[in-house]
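In: Turn this into a model:
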Amino acid sequence: MKNTRRFNEFMVLLSEKFDKEISPAMVKMIRKAVEPYQDEQCVRALESVILHGKYYSNLLPDLMEKLEESNEDKSLLAWSAFLTELKDYNGVSLQFSDPVIHSVVEAMGGMDALSMTENKDMKWVRKEFLELYRPCHKRNDHPPQITGQHDEYNAIMGHRAFVQKPKFIPVNGQSQKQLEEG
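Out: Model (predicted):
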């Protein structure tokens with residue numbers, strides 16, 4: 001979670017909910033736990049803990065459970081967007097609104113290799129994609145796009161004028177403007 005002001009507001013709300021002051025050590029631990037997640041995931045998880053959490057002693061485990069649930073939902077949305085593009089892939093560069101997809105595809109050998117997967121093997125591609133999404137999501141450095149074979153060839157050959165702007169693919173309705181705003 002990057003938004004420090006929102007994080008601090010949630011710490012106050014948690015303190016009020018459990019009628020207990022949250023120690024600086026616990027705040028630091030929670031900060032470290034939410035660090036790899038995006039703000040909207042943290043907000044949903046923290047709101048859920050505030051609304052449904054029962055015991056202060058379960059605060060951190062409950063929070064982690066909610067964050068993992070939101071991560072699973074996000075990985076399924078990412079898979080759906082990826083699969084749609086994979087079916088129609090024609091060698092162009094792609095930019096998903098969820099940059100984690102770029103890292104997952106790179107780890108799986110690239111879009112060109114994946115586009116040659118036979119239908120009977122797609123269940124294994126899905127399994128690998130979903131398994132790789134979680135560790136890739138925890139990284140903060142993702143490629144800005146998936147460079148297609150046509151653009152890669154044109155760049156290597158020095159034909160910069162023929163390198164296309166990547167096709168933008170929204171994931172879960174996220175627009176390109178929202179992506180650029182961070």
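In: Tell me where the protein has helices.
Out: 4-18, 24-34, 39-52, 59-87, 100-107, 111-114, 122-137, 149-156, 176-181 (DSSP state H).
In: Buried residues, the longest one. List them.
Out: Buried residues in helix 59-87, counted by 16 or more other C-beta atoms under 10 Å: 59, 62-63, 66-67, 70-71, 74-75, 77-79, 81-82, 85-86. Placement of C-beta: from N, CA and C, glycine included.
In: what angle do that helix and helix 24-34 make?
Out: 10 degrees (axes from the mean of the first three to the mean of the last three C-alpha atoms, to 10 degrees).
In: cool, and the fifth one?
Out: Per the same axes, to 10 degrees, the angle that helix 100-107 makes with helix 24-34 is 60 degrees.
In: Can you tell me how far the nearest residue to Arg160 once chain neighbours are set aside is from Phe162?
Out: In space, and not counting its chain neighbours, Arg160 is closest to Asn154: 7.3 Å by C-beta to C-beta, 6 or more residues apart in numbering. Relative to Phe162, Asn154 is positioned 4 Å away (C-beta to C-beta, to the nearest Å).
In: quick one, which of the two is more surrounded?
Out: Asn154 (16 against 12; other C-beta atoms under 10 Å).
In: So, low pLDDT: which residues of this structure?
Out: 70-71, 173-182 (pLDDT under 70).
In: Swap in 50 and give it another go.
Out: Scanning the chain with the threshold set as pLDDT under 50 gives 178-179, 182.
In: what's the domain layout of it?
Out: 4-71, 73-181 (automatic domain parsing).
In: picking up where we left off before, distance of the residue nearest to Arg160 from Glu131?
Out: Distance, Asn154 to Glu131, using C-beta to C-beta: 34 Å.
In: Quick check: the farthest pair among the buried residues of helix 59-87?
Out: Leu59 and Leu86 (40.2 Å; C-beta to C-beta).
In: wait, doesn't the residue nearest to Arg160 sit right on Ser93?
Out: No - contact criterion C-beta atoms under 8 Å: Asn154 and Ser93 do not qualify, at 10.3 Å.
In: Could you check how far the nearest residue to Met122 once chain neighbours are set aside is from Leu77?
Out: Using C-beta to C-beta, 6+ apart and skipping the chain neighbours, the partner closest in space to Met122 is Leu83 (7.9 Å). Distance, Leu83 to Leu77, using C-beta to C-beta: 11 Å.
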